[in-house]
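Q: With the sequence up front, the predicted model follows.
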2 protein chains.
Amino acid sequence: MPSIMRKMNIIARCQSQYRSNALASDLNACHHSFVLAICRHPGLSQDQIAAHLCLNKSTVARALVQLEESGYVRRVASEKDKRLLLVYPTERMQEIHPRVLEITKEWNRKLSEDVSEEDMERFLWVLASMEKKAKELIGNGGADA
Amino acid sequence: MPSIMRKMNIIARCQSQYRSNALASDLNACHHSFVLAICRHPGLSQDQIAAHLCLNKSTVARALVQLEESGYVRRVASEKDKRLLLVYPTERMQEIHPRVLEITKEWNRKLSEDVSEEDMERFLWVLASMEKKAKELIGNGGADA
């Protein structure tokens, strides 16, 4: 069986480089996923962001501290449960969001421009079933906020 | 167009968590790719490792310093060109290599167990064409050490 994951990891890393080149910001590669998640779902808790991105909680906590220090997010204690920190984008994050979205769409489009519509449909179907399986394998089956 | 990359990133991050859970080592998620590359191709230069993994050179240099400090690699100046640092696995890295390989194969197998052979063949064909395209898009078209 050829390695599925080597190819996926290579594609993901190429995207990171592409994004960093295209978006001259101080955000690191991983942070782009936070921009997309936080601007799309403002007010998620740290744990919800971790489940949404399939990252572990300590990675997310560290990244959010960095993003807060750089002025990209605000973390606010929940009114209902003071132990919960809810995460909101600042104006600074909202300003770069359209460009991150645009670069992400551009990459997806370029990546698949040589693939026929029929092949792409089958590909996405298999990819979706692998995503479901991957979440199950780490006990995160229900996470799709 | 549904996001290809969100799914691939989710699958890659789930694999990281799976690997960290299965392999109780002090290596972080990204370092597993270094174990696979360095044990398979001992004596590559830092730049060759960067091209092989599609990571930028500074990321690779930082990771190799960490791996050297933890006793996983040796970096040796090339006899032919003293400016080149060649990277070799230590015994410590070679000891964990079989387990990293095993967990990677196990993950690939589990991930695809519900996919028919025919669907998998088509899937891998499209994935390979996307990998080629991704490398071209960042100007790393020839890298497949």
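A: Nice, I can see it.
Q: does the spatially most central residue of chain A count as helix, strand or coil?
A: Nearest residue to the geometric centre of chain A (Cα atoms, centre = their mean): residue A:33, 2.7 Å. Secondary structure, DSSP: H, G, I helix; E, B strand; the rest coil: residue A:33 is helix.
Q: Just list the residues touching it, thanks.
A: Counting by Cβ atoms under 8 Å, 6 or more residues apart in numbering or on different chains, residue A:33 touches A:53, B:9. Using the backbone N, CA and C atoms, a C-beta is placed for each residue, glycine as well.
Q: Quick check: end-to-end length of stretch A:24-43?
A: 27 Å (Cα to Cα, to the nearest Å).
Q: For it, give the mean pLDDT please.
A: Average pLDDT, stretch A:24-43: 82.
Q: swap in stretch A:108-124?
A: So the average pLDDT for stretch A:108-124 ends up being 93.
Q: Buried residues, it. List them.
A: Judged by neighbour count (16 or more other Cβ atoms under 10 Å in any protein chain shown), stretch A:108-124 contains these buried residues: A:108, A:111-112, A:115, A:119-120, A:122-124.
Q: again, but for stretch A:64-72
A: By neighbour count on 16+ other Cβ under 10 Å, the buried set for stretch A:64-72 is A:64, A:67, A:72.
Q: gap between residue A:135 and chain B?
A: 6 Å (Cβ to the nearest Cβ, to the nearest Å).
Q: ok, for residue A:13, nearest residue in space, not its chain neighbours?
A: residue B:54 (4.3 Å; Cβ to Cβ, 6 or more residues apart in numbering or on different chains).
Q: can you check residue A:106 too?
A: Among residues not flanking residue A:106 along the chain, residue A:22 sits closest, at 7.9 Å (Cβ to Cβ, 6+ apart).
Q: and that neighbour, how far is that from residue A:14?
A: Using Cβ to Cβ, to the nearest Å, we find residue A:22 at a distance of 12 Å from residue A:14.
Q: same question, residue A:85
A: Distance from residue A:85 to residue A:14, by Cβ to Cβ: 34 Å.
Q: And these two? Which one has more around it.
A: Higher neighbour count among residue A:85 and residue A:14: residue A:14, with 25 against 16, using other Cβ atoms under 10 Å in any protein chain shown.
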